[in-house]
Each structure stands twice: as structure tokens, then as C-alpha cells.
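Asker: generate a structure from the sequence data that follows.
(2 chains)
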Amino acid sequence: MMKKIVDSGHTSCAKPCLPGFVSIILHAHLPYVRHPEHDSFFEENWLFEAITECYLPLIGVLDRLQKDNVDFSLTLSLSPPLICMLRDELLQTRYLNYLHQRLELAELEITRTRHQRGYQKLARLYRRFFRYCLDTYQNQYAGDLLAAFKKHQASGHLELITTAATHGFLPLLNVNKTAVRNQIKVGIDTFKATMGFAPAGFWLPECAYYPGLETVLAEFGIKYFFVDTHGIMDADQTPKNGVYAPVDCGNGVVAFGRDPQSSQQVWSAQEGYPGDVNYREYYSDIGFELDLDVVAPYILDEKTRINTGIKYHRITGKDQTKAVYDPRKALAKAHQHAQDFIDKRQRQINALSATMDRMPIVIAPYDAELFGHWWWEGPCWLENVLRMAGQVDNNIQLITCSDYLNQVTSHQVAQPSASTWGDQGYYSYWINESNDWIYPLLHKAQAEMEKLVCDLAGLVVTPLQERALNQAARSILLAQASDWPFIMKSGTTVDYAKKRIMDHLARFNYLHDGLRKNRLNERYVSALEIMDNIFPEIDFRDYCASGSRVQATSGQY
Amino acid sequence: MRLDSFNDRLSAEELLDISQEISKDFSPVFETKIVRPKPDTTSKLSRKELFEISEDISRKFQFPAVSVTQSNTLVLLPVDPSSMYAYWDVGKETVDNIIEKTPKSQLTLRVYNTPQQDRSAVKKSWQDMPIQDKQRQQKIRLPVLMDNTAYSVAIGEHHSDGRFITFVHSNPIDAYPGNTLPYQSLAHESGLQTKSKNTDKNASGLGSHPS
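Answerer: The predicted structure is shown next:
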């Protein structure tokens, strides 16, 4: 995706004054939530809400920018669980049911609000929105949203990258190096098998880095990754250009550091754009506000209130009665906030350029699910930012990290410091009194899996054993997801997170026990394959230390 | 028909429209490869059967709440610049022996720090933490934060005469480079908070609304 030409470390381009780059990265991830053992399952709504509110609007943004020939660059990290869920037939079918239900609810709301003009206007807006989602999902992309992202990658404006297999928190899995290696390998393999090419960049789950991780990334051909600001600022060598130039970890793999200013403007609870009083209030949802008999068919088991996606109020302000949402005002505000973001980047880049020996690059990574789900107007803000940055009268060039590395080839060598982008900046959100009990369990399973695979070296396994071994590898990966300890700490759906981790470990134990004692039940193995059908291409033989892959050649297990 | 004869009849705008229409309708379809698991046994098992098998496995094969590690295991994990987390299993027999044979001794977690460059150095400094016989984990506040320091822990029997008999050693872990905090600040959590450059990140696509 090389776009510009290098001239002694500085880039020449079409813009008259171009002192700096901005790279916007969206990380899209959800835990693997798929329950064919139930007719419907509440947590699958996480995916359906994200498709409706985040991924389809993002595709809409990309399609419109392409249609208008806007020259933009954006990076999107797609996690392997999300990739597998987006291409899953069961979830695709269930998503269409979800969408039809939303449409039905919007229709009912149009009737119910016929004497409340402001509300009815919004109900009509939701009906239009759900119809748009249905049309885009079903007719335009035939349920294959990955194809949409791939189309934009091929256009040269979108760089797709990926992350670890189940978003495992790598520093705390690192008691067993094979576990880390396997998370990275399976993640990259899944991406390659789906997209048809290898990713140049890798999103470290939760931006969690520990010194030495770059060695494993290099083994799988990764060119770059991201760390939080202090990962660069506390590197073993003082970074000459702060976080505004990447560092080479010493083995050719490059680490980019998050810019705190652009991050603060979007993420901050106090100063961030999403908290503006004109924006839609996430917590005001008719699923919680209307009489139970009105919303019963659209909530959980017809009695437990949940979000429906239809929200009529704006944030309004602290301790004030929530006012009715005004989409026009909100979109105007999103435009204004986009202009503010661009202006601040321009000023930032001007100041940085004066002191740096090269053009600065501002790294602005965000969770993709912020845009649309939490921040309803987020996709509009993003579209405005991408359009404004593409205009010739500013000093900003949007760039992907791959393009940057094609243009700037010399980097300061330094090893980043251990860090995450989570609360407090280190590992404490993922290991604390609410979730520390999971690590002895995970580590034991990791060690048992590795030993089992090593013990099989040189032995032939039966087809059923092979299936059980592959399923055991899937079970471990699913138990390792960083989402479970995160949820336990955040206190949201703790019981579900605990059940998921215990279920996956129990499934691993069952398979391990069955393999060791040669008493596998094919019906049970089949059931597990159906329930946990993630990573169809997985090969248990990869679950071994680097360079000692099991060759099944002789003997029987 | 000569090509340039069209030039008079089609404006640049029309050419762009035609180009976009062709691109829209005839661009190659980028279908992603969808791979299904080899044994497609979906039709063989009903939802009810799947649920029952899942419940059966969870009931019979969940790990016990305690003693999940192999005997004589001690694992040290990094948490942040001022703390670590250790979990262990020194085996019931070992603990019972201590209690029975040497009642005046104390089961102890010893925290060592050594220079990273010389992890095998004989001269180490340490801090002792008494632990209970049924205890299986401990959060460790680091006594002194020094750059380029490696930490390890050991569990052993600490006798009243000062002897320390080690049962099990942990893996070593490195202190976070560049995060040297003055000793005094360790007593105050706010010392850490001011170092944090993070905003209210909601990881994993879940979490709290920023408004």
C-alpha cells in the first residue's frame, strides 16, 4: 500500500505543507459467544448489537468514502473470535432474526408514539436505520461482512490486521511459552485462512506487552505492534522522539506508542467528545423505560429488562431530566468535534515537527465498539475526521503503519517496557482479588496440553483422537480469553464469565482424561465440536515448543 | 467507430458516472473463505442433547477449587511496578511434616531480589512473609523497587535459629524497566495513580460508557 515517496527520511507528497502523519487504528473484538445448545442466548446480543451499531455503520462510512473518492487511511484489527463469529452460519441466521425483531419493535413504536411527535420522529429514524442494516447485511453483502472489509483492504485505504487467537492476556499466560506462541500462531493462521494474506501488524490483546514478546511476533512474520504511551516512554533507552516515532525492538519488529492527547479527547470520561450533552444517552433505552407489557417480547425471557437499541434521549447533563434526542444537533456536534480533533492534531504536529528529526506520527488507537455502540455518533465523527484529514489545506496525512514503515525505514532501537492500555497501565486489571483464581487453572491446563502433545511425538493418532486433541486445543484457547478476567473485575456479567472459563476448562479436562485413559465418547466429542466450533483449521500439533512440532509417523497412541 | 468520436459526446462527469457504475456492479466479489469443521455432526445432536452433554462435562470435570497445581509448584506473576502475585502448592505432606516435627518453625514465603544481569548471584537480599499452611496464594508488595532487578520467591521452613530450608523455588521475573519509584511512595497508592497515563479505557469492546 505504498503511497508516497521517501526523501532522506522526509516524505514528499501532493500536499503543499505536510509535516506529520496521523494513524487511526480501530480494534474490533468480542469474545466468542455462540450457544447452539440454546434456542437463543442473551450474550449473543453482544455480537448482534455490535454488528448493528458498529460494524455496519463502519462499513457504511468506508463505502461512502470510497464512493466520494476520499483519500483516507485507516487500520482495522479484526480479532479471530470476531472473524469466526461473523462467518458463522448459525449466528448469521440468528442475527437476521434479531434485526427483524428490532424492525418489528420500531414499527410498534411508531404506532405507540403517534401522539408524541418528537418520539415518533425518532422511532421512524430507528426503522430507517434497521432497514438500512438489513439491506446492507442481507442484500449488499449477503451476510459476509468480512468481504466488505476485504474489499476496502484491496482498495488500499484500509489495512487489516489481527490479534491473538482468543485475545489471551499474553503476559499472564507466559508461564508457558507455548501458550503464548499458540495464541499468536492460531490468531494469525485464522486471519490468513479467512483473508488470504498475512497481516503485517498485530494488536496485542489489551496492548499488553512484556519484554521479549517481539521474538514470538517476529517468528510469525509480524512487522509491528502497538503499546501504550508508557510502554515507549519507559523503554530501556530514552525515546528520542517520544511516542511520535516508533522504536525497533532490536529484532526488526517495530513498536508504535499510543498518543495520549488524541486518546484523551475520545476516551476521557470527563473531557472526551462522547460525553457531550447533545449526544445520544446510551443508558436511556426503552427496554428499561417502557411498561413491561410493551417490551416483553423484545427482552430476555419476556421479563428481564435488557437494551433494545431504541433510545430516545440525549445525555442532557448531570442531575437534569433527560431531554429528547435531536439527531440534527448531535450530528452537527460530531462534525464540530471532528474539526476540533483535526485542529488539535494540526497544532500538535506543528509543535512536534519543530523539535523532531523526522516527520512525527500520531498513533490514535480505539476500540471499534466505542464507535456506534457506546458513542452512537462515533461513526459520523470518524467519517468527518477521515474526510477532513484528506483535504489539501491541512498538514495532516493519514497513514497506516505499514505505509509508514515502507516510507521510514530507520528507527531508534529500544525495548519497550511492560505495559497495557488498561486501568493503571499494567496487569492489575487482569489479575486481582476478583479473578486471580483463574491463573493456576489456566497454567495447569496449558502444561497438560503441552505435555500431551509432546508425549504424542512420533505416534499415530486415530481420527477420533485427532478430533479430541484439536478440540482440547480449542477449549484451552477459549478459556484463555482476556474477556473473562476483565468481566470479573468490571463486575458486569460475572457469572457468565466464570461459567465460560470453568466450562472450557472442564471440556479440556474431559478430553484430556479421555485421551489419557483411552475412553473417548465420540458423541461427546461431536457435541463439543458443535458447541465450540471456533478455529476450524486448528492443528493440535502446533501446541508444542518452538521447533519441536509433533510428527505423527509411527507407533500408536 | 472511432474512439475519439465519443469524446465529443461524453462529458468528464458522465465518464466518471459510468466508471463508478461499472465498478459498483462488476467489481470482483471478495468472498471470504468459509471453512467448516471436518466432522459436521450438527444434525446428529439436538439442542437438548448438546445442553445435557455440556452440563454433564461441567459437572464431572470442573477443577477442584483448591490444590489444582502439581505438588511443589510455585509460580510468580508480575502485576505492576510495585507488586507481584504468587501461587503455590507445596504438598499437604510437606506442610504436615513441618507442623508435626518442627512446631516452632514457620512456613515462609521469601522474596529475593538480584541484579538482572546476574540472576545466579549468590548474594541476594530478601524479605520474608510468614504464610499459613492452607494458604495457596499471596499478593506481594515489592519492598524496594530497583531498575534492572529480577525477583524470585521461595517457600520454605524458617527456623527460630535463622535457618531457612527451601521446599520450592519460583521462576524469576524482571522488575519493570524505567519504573523506579522512590521507596517512600510505595506506601501510597496515589503514587502509582499519578504515574498512570491511561484514560478510562474500556477493554475488550465491553466496559463502561464514557459519558
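
Asker: tell me the contacts of the residue lying closest to residue A:112 once chain neighbours are set aside?
Answerer: Of all residues not flanking residue A:112 in the chain, residue A:294 sits nearest, at 6.9 Å (CB to CB, 6 or more residues apart in numbering or on different chains). C-beta: built from backbone N, CA, C; applies to glycine. Residue A:294 makes contact with A:108, A:112, A:286, according to CB atoms under 8 Å, 6 or more residues apart in numbering or on different chains.

Asker: just the buried residues of the strand or helix carrying residue A:294, please?
Answerer: Using DSSP states H and E, residue A:294 sits within helix A:292-295. Judged by neighbour count (16 or more other CB atoms under 10 Å in any protein chain shown), helix A:292-295 contains these buried residues: residue A:295.

Asker: tell me the helix or strand right after that helix.
Answerer: Sequence-wise, the next helix or strand downstream of helix A:292-295 (DSSP H and E) is helix A:327-353.

Asker: packing partners for the next helix or strand after that following helix?
Answerer: Note on helix A:327-353: by DSSP H and E, the next helix or strand toward the C-terminus is strand A:361-367. Helices and strands touching strand A:361-367, by 3 or more CB pairs under 8 Å, 6 or more residues apart in numbering or on different chains; DSSP states H and E, are strand A:20-28, strand A:254-257, helix A:260-267, helix A:327-353.

Asker: pLDDT weak spots in chain B?
Answerer: Counting by pLDDT under 70, chain B shows low-confidence ranges at B:1-9, B:11-43, B:63-71, B:98-101, B:103, B:115-124, B:143-148, B:176-211.

Asker: remind me which residues of chain A are low pLDDT?
Answerer: A:1-18, A:269, A:546-557.

Asker: neighbours of residue A:117, how many?
Answerer: 10 (other CB atoms under 10 Å in any protein chain shown).

Asker: do the same with the one 3 residues further on
Answerer: Other residues near residue A:120 come to 16 when the count uses other CB under 10 Å.

Asker: residue A:55 versus the nearest residue to it once chain neighbours are set aside, what's the distance?
Answerer: Once flanking residues are discounted, residue A:120 sits nearest to residue A:113: 4.1 Å by CB to CB, 6+ apart. Using CB to CB, to the nearest Å, residue A:113 is found at 28 Å from residue A:55.

Asker: go on, residue B:141?
Answerer: In terms of CB to CB, residue B:141 sits 43 Å off from residue A:55.

Asker: please apply the same query to residue B:62.
Answerer: 35 Å.

Asker: could you do residue A:103 as well?
Answerer: 18 Å.

Asker: compare the two (neighbour count), which wins?
Answerer: Comparing residue A:103 with residue A:55 by other CB under 10 Å, the one with more neighbours is residue A:55, at 29 against 17.

Asker: not counting sequence-adjacent ones, nearest residue to that one?
Answerer: Closest to residue A:55 by CB to CB, 6+ apart is residue A:145, at 5.7 Å.

Asker: tell me the contacts of that neighbour?
Answerer: So residue A:145 contacts A:51, A:55-56, A:59, A:86, A:137 (CB under 8 Å, 6+ apart).

Asker: if I read this right, residue A:164 contacts residue A:187, doesn't it?
Answerer: Yes - counting by CB atoms under 8 Å, residue A:164 does reach residue A:187; the two are 4.6 Å apart.

Asker: now list whatever residues contact both of those two.
Answerer: Listed as contacting both residue A:164 and residue A:187 by CB under 8 Å, 6+ apart are residue A:80.

Asker: any idea how far residue A:115 is from chain B?
Answerer: 30 Å (CB to the nearest CB, to the nearest Å).

Asker: what parts of the stretch 351-500 of chain A come near chain B?
Answerer: Residues of the stretch 351-500 of chain A lying near chain B by CB under 8 Å from any CB of the partner chain: A:367-370, A:373-375, A:415, A:417-418, A:421-429, A:431-433, A:436-437, A:439-441, A:443-444, A:467, A:482-483, A:486-487, A:490, A:492.

Asker: now list the buried members of these.
Answerer: A:367-370, A:373-375, A:415, A:417-418, A:421-429, A:431-432, A:436-437, A:439-441, A:443-444, A:467, A:482-483, A:486-487, A:490.

Asker: can you tell me which of those residues are in helices?
Answerer: Judged by DSSP state H, these include A:439-441, A:443-444, A:467, A:483, A:486-487, A:490 as members of helices.

Asker: quick one: residue A:217 is in a strand?
Answerer: No - going by DSSP: H, G, I helix; E, B strand; the rest coil, the assignment for residue A:217 is helix, not a strand.

Asker: mind listing what the nearest residue to it once chain neighbours are set aside touches?
Answerer: Once flanking residues are discounted, residue A:217 sits nearest to residue A:253: 5.3 Å by CB to CB, 6+ apart. Residues in contact with residue A:253 (CB under 8 Å, 6+ apart) are A:214, A:217-218, A:222-225.

Asker: weed out the non-buried ones from those.
Answerer: With burial judged by 16+ other CB under 10 Å, the buried subset of the contacts of residue A:253 is A:214, A:217, A:222-225.

Asker: from those residues, which two are the most distant?
Answerer: A:214 and A:223 (10.7 Å; CB to CB).

Asker: how is chain A carved up into domains?
Answerer: Annotated domains of chain A cover A:19-85+A:149-280+A:327-424, A:88-143+A:292-324, A:431-542 [automatic domain parsing].

Asker: re earlier: distance to residue A:182 for the ones in helices among the buried ones among the residues of the stretch 351-500 of chain A next to chain B - can I get that in a markdown table?
Answerer: Listed next are these as a markdown table, based on distance: CB to CB, whole Å:
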| residue | distance to residue A:182 |
| --- | --- |
| A:439 | 17 |
| A:440 | 19 |
| A:441 | 17 |
| A:443 | 14 |
| A:444 | 16 |
| A:467 | 18 |
| A:483 | 18 |
| A:486 | 21 |
| A:487 | 23 |
| A:490 | 27 |
